[in-house]
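Asker: Give me the fold of what follows.
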Amino acid sequence: MSKIKVGIIGAAGYTGGELLRVLITHPDVEISYIHSHSHKGEPISTVHSDFSYLLPERCFDGVLQSEVDVVFLCVAHGEARKYIESGIFSSQTKIIDLSQDHRLQAHAKGFVYGLAEVNKERIKKANYVANPGCFATAIELALFPLMEYIDSDIHITALTGSTGAGVKPSASTHFSWRSHNLSVYKAFNHQHLAEICELLAPKVNINFVPLRGGFTRGILASIYFKADKPLSYMKAKLESYYQQAKFVKVINELPDVKRVVNTNFCLLNIQEHDGYIHVVSVIDNLLKGAVGQAVQNMNLMCHCKEDAALILKPLVH
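Answerer: Numbering: from 1, shown residues only. Next comes the predicted model:
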């Protein structure tokens, strides 16, 4: 079988670099171009230093090729839509957008929402996929199978690493501020809340408080609510829904971020405390929350093994 020809746009960012690291191990992929406006013509290693030995001769491309099988858009929010509207891509090219531009139905324009564990059959048939946000992924995977049984407001506190803010430096990503620090931001109005509510269609309020953590990667979401079913029923529903899932596992002990960093896995734990159901969800924001999920979607769209290039070792210690 011929290789899948892939283009990456926005390859100088965190997601672009992580996507390269995954795709160079993919048995069915040939990387046709690695595009960056700001670094065109420069060695990839000038931005991603590990590529001095992973791809020592490769430079960022300044020209896009229209005839590729799959394009990943690893660009800033608002930029992906411009690329789509430019008409530069072949009608045969499959597009996976890692920005937020096409996640909501009002802006989807033919894009399928790319949460594989919910929309797998639609993704298999799709030409355009909108990758979910990182917070959204952790929260949606925890709640989707349980929504019909929830009869109180949902309360979510979720903590993310600094890579979730992107590669461009800011006051809140500066090492001396972020390290050994913790802060709340965008409480109750984070941009991912819209896609969460659209997918879950809650009949109750979702109260979402995001936090910045003093670490680089990973998300932990702590979620609690009251339900009209006992814990045993709710746990059985989670386990049944994800029984065949490649990358979502319901475990008996509380998960921690280190168990999923550098993997495409989501670990879920469900417990009951004084009448409240408590679900903890952990993912790597750059992998299951972005790049790993994007490659998982590509595998489904191109009829590869769903876990191709995604059997990755966690950074446990």
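Asker: Beyond the helix or strand bottoming out on mean pLDDT in the chain, next helix or strand please.
Answerer: Within the chain, no helix or strand scores below helix 175-178, which has a mean of 63 by mean pLDDT, DSSP states H and E. Counting by DSSP states H and E, the next helix or strand C-terminal to helix 175-178 is strand 183-184.
Asker: What is that following strand packed up against?
Answerer: strand 206-212 (3 or more Cβ pairs under 8 Å, 6 or more residues apart in numbering; DSSP states H and E). In this view, the C-beta of every residue, glycine as well, is placed from N, C-alpha and C.
Asker: Please pull up the helix or strand immediately following the strand it packs on.
Answerer: strand 219-225.
Asker: So which elements touch that following strand?
Answerer: Counting by 3+ Cβ pairs under 8 Å, 6+ apart, strand 219-225 packs on helix 134-143, strand 154-160, strand 276-283.
Asker: which one of those is the most hemmed in?
Answerer: Comparing those by mean neighbour count (mean count of other Cβ atoms under 10 Å), helix 134-143 comes out on top with a mean of 27.
Asker: residues making contact with it?
Answerer: Residues outside helix 134-143 that contact it (Cβ atoms under 8 Å, 6 or more residues apart in numbering): 103, 115, 117-118, 132, 150, 154, 156, 158, 160, 164, 190, 192, 195-196, 199-200, 208, 210, 219-221, 223, 248, 266, 268, 279-283, 285-286, 288-290, 293.
Asker: one more time with 7 Å
Answerer: 115, 117, 132, 156, 158, 160, 164, 190, 192, 195-196, 199-200, 210, 219, 221, 223, 248, 266, 268, 279, 281, 283, 285, 288-290, 293 (Cβ atoms under 7 Å, 6 or more residues apart in numbering).
Asker: how close does Ile44 get to Gln293?
Answerer: Separation of Ile44 from Gln293 (Cβ to Cβ, to the nearest Å) stands at 23 Å.
Asker: what pairs with Cys59 across the strands?
Answerer: Pro43 (DSSP bridges).
Asker: wait, isn't it in contact with Gly41?
Answerer: Yes: counting by Cβ atoms under 7 Å, Gly41 is a contact partner of Cys59 at 5.8 Å.
Asker: and those two? which has more neighbours close in?
Answerer: For Cys59 versus Gly41, neighbours defined as other Cβ atoms under 10 Å are more numerous around Cys59 (16 against 9).
Asker: list the contacts for that one?
Answerer: So Cys59 contacts 41-44 (Cβ under 7 Å, 6+ apart).
Asker: Looking at those, which has the smallest pLDDT value?
Answerer: For those, the weakest pLDDT value sits at Gly41, with 92.
Asker: and stretch 149-162, how far apart are its ends?
Answerer: Stretch 149-162 has an end-to-end distance of 34 Å (Cα to Cα, to the nearest Å).
Asker: what does stretch 180-197 give?
Answerer: 32 Å.
Asker: ok, now stretch 208-226?
Answerer: End-to-end for stretch 208-226, by Cα to Cα: 16 Å.
Asker: Show me which residues of it are buried.
Answerer: 208-210, 212-213, 215, 217-225 (16 or more other Cβ atoms under 10 Å).
Asker: any residues touching the helix or strand hosting Ile8, and which ones?
Answerer: Using DSSP H and E, Ile8 sits within strand 4-9. Here strand 4-9 makes contact (Cβ under 7 Å, 6+ apart) with 16, 19-20, 23, 28-35, 64-65, 68-75, 83, 302.
Asker: Thr46 is in contact with Arg58, correct?
Answerer: No: using Cβ under 7 Å, Arg58 is not in contact with Thr46; the gap is 11.2 Å.
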